[in-house]
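[1] Provide a 3D model corresponding to the input given below.
(one chain, ligands or ions: 1)
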Amino acid sequence: MSPSGLPREDTMGILLTLLVFVGLAAMPAITLAQAARDLDCAMHIKAAQSAIDKVTDDMKGMEKMPKDQVGNVNTLLRDAKELVGVAQQACNKPKNDYDAARAIAKAEAARGSAEAADILHWHYMKPMPGMKGMTSDKSGMDMPGMKK
Ligand SMILES: [Cu+2]
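    Residues are numbered from 1 along each chain as shown. Okay, the predicted model is just below:
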């Protein structure tokens, strides 16, 4: 006898039946969750936002950078922020799957702009003659705001 008062074999049978039912009930939920995840625009927006945050952080303490260079990096950053705003709006209440996909497209475009800003910043960081503060060596960056 098991603690429940039923013969052990009956208890096992009930448990197995329950497991099968729970499994069957969970399957559509899992399918739905996966379907939702493949159109998870919030995830793409999060990635875009952290790319934006990274460049924004890097640009702190870049006062010695030539103004036109700062301007170029910031223009790409501004594009990224605008696109992430559009993505956020589309992602807030997507009317359908197409809306969610459109939000993903905007978020990825935002991430692309942020990445381009990062690449451009690092390109400018390459040692240039007569550009104090923009050189870096293995011992550490001359720019306190720089990570990496
Ligand atoms: Cu820099």
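[2] lowest-pLDDT helix or strand in the protein?
    When the helices and strands of the chain are compared on mean pLDDT, DSSP states H and E, strand 136-137 comes out lowest with a mean of 44.
[3] which parts of this structure are strands?
    Listed in chain order, the strands of the chain (DSSP state E) span 136-137, 140-141.
[4] domains of this structure?
    What automatic domain parsing lists as the domains of the chain is 1-38, 41-141.
[5] quick one: low-confidence parts of this protein?
    Applying pLDDT under 70 to the chain picks out residues 1-9, 11-12, 14-36, 127-148.
[6] ok, now with 50
    Along the chain, the parts satisfying pLDDT under 50 run over 1, 129-140, 148.
[7] show me where it has helices.
    Under the criterion DSSP state H, the chain contains helices at 8-38, 41-58, 67-92, 97-125.
[8] so for the last one, what gets flagged as buried?
    When burial is assessed from 16 or more other CB atoms under 10 Å, helix 97-125 yields the following buried residues: 99-100, 102-118, 120-121, 124-125. Yep, even glycine has a C-beta here, placed from its N, CA and C like the rest.
[9] quick one: that helix to helix 67-92, angle?
    Orientation of helix 97-125 against helix 67-92 (axes from the mean of the first three to the mean of the last three CA atoms, to 10 degrees) gives an angle of 160 degrees.
[10] show me what helix 97-125 is packed up against.
    On a contact count with 3 or more CB pairs under 8 Å, 6 or more residues apart in numbering; DSSP states H and E, helix 97-125 meets helix 41-58, helix 67-92.
[11] rebuild the helices of the chain as JSON lines, extending it with distance to the ion.
    Below are these laid out as JSON lines (distance: least, CB to the ion, whole Å):
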{"stretch": "helix 8-38", "distance to the ion": "36"}
{"stretch": "helix 41-58", "distance to the ion": "6"}
{"stretch": "helix 67-92", "distance to the ion": "9"}
{"stretch": "helix 97-125", "distance to the ion": "5"}
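[12] what about A105, distance to L83?
    Taking CB to CB, to the nearest Å as the measure, A105 falls 9 Å from L83.
[13] also M43?
    Between M43 and L83 the computed distance is 16 Å (CB to CB).
[14] and these two? which has more neighbours close in?
    L83 (23 against 14; other CB atoms under 10 Å).
[15] contact partners for that one?
    Each residue near L83 by CB atoms under 8 Å, 6 or more residues apart in numbering is listed here: 48, 106-107, 109-110, 113.
[16] cool, thanks, signing off.
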